[in-house]
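> Requesting a structural model of the entry that follows:
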Amino acid sequence: MSERSPHNRVEAMDLPQPSSYDLRGKQSVRATFRLSARAIDALSILAVHLGIKQKSLFEHLIEDARSLSLIAQEMEPGRFEQISRVQKTFVLSRRTLSLLQQACEMYDAPRDALVEYSIQRLLPVIAEERQRHEIRKQFLAQIREFVERGEELLEEAAERLGEEDPVHGSLEQAMRAVRAARGDIEDFIVKGRIIEDY
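Sure thing, here's the model as predicted:
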């Protein structure tokens with residue numbers, strides 16, 4: 001009996017098959033919206049701070065049908081018109097753009113307004129991240145003091161035991177790890193400065 005090729009084995013399995021619609025939905029498209037500078041900044045800042053692509057954040061917000069429905073029902077179009085807005089082009093999936101269009105039609109809501117108010121859902125996340133950033137800065141100050149004290153201890157071990165002593169070697173190894181951790185924390189805090197002034 002001849003062995004099946006790996007290709008035939010997959011065909012023989014009862015797997016759900018992707019549709020061409022699903023595959024096309026993954027295509028990236030460009031869409032331009034008129035949004036407040038604050039909303040544009042929120043999306044950009046959070047993407048950089050969390051290391052997430054803007055496209056992913058945007059899709060997460062728009063593909064939440066329940067939230068879109070609540071936003072559409074609660075928003076006041078007159079209030080949205082008073083917001084100073086600028087044009088901004090985003091890259092998003094065709095599926096996300098289609099879902100947004102469906103929501104606009106279903107709730108008779110302006111597309112830009114739905115996007116604007118969806119992005120405002122990020123504001124509590126930014127506020128929380130800003131608080132966490134301040135706490136991280138406090139830990140950085142403490143770890144700097146810790147490193148300073150560790151350097152003094154290492155120097156004392158070298159003087160009293162000698163650099164060849166195993167205890168000095170262990171302390172030196174520990175200090176390398178602590179210095180590396182301090183460097184990582186410093187880098188993360190520098191990267192997080194983007195959130196301080198939002």
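> how close does residue 46 sit to residue 192?
In this structure, residue 46 and residue 192 are 11 Å apart, going by C-beta to C-beta, to the nearest Å. Using the backbone N, CA and C atoms, a C-beta is placed for each residue, glycine as well.
> Overlap in contacts, these two.
Jointly contacting residue 46 and residue 192 under the rule C-beta atoms under 8 Å, 6 or more residues apart in numbering are residue 129.
> what's the model's confidence in stretch 134-154, averaged?
Stretch 134-154 shows a mean pLDDT of 97 in the predicted model.
> and if you look at stretch 59-74?
The model assigns stretch 59-74 a mean pLDDT of 87.
> now stretch 88-101
Per-residue pLDDT over stretch 88-101 has a mean of 91.
> One more: stretch 30-40?
Averaging pLDDT along stretch 30-40 yields 94.
> tell me the contacts of the residue nearest to residue 129 when sequence neighbours are not counted?
Here the nearest residue to residue 129 in space, its sequence neighbours aside, is residue 195; by C-beta to C-beta, 6 or more residues apart in numbering that works out to 5.5 Å. By C-beta under 8 Å, 6+ apart, the residues touching residue 195 are 45-46, 49, 126, 129-130, 133.
> could you pull out the strands for this protein?
Assigned by DSSP state E, the chain shows strands spanning 28-35, 86-93.
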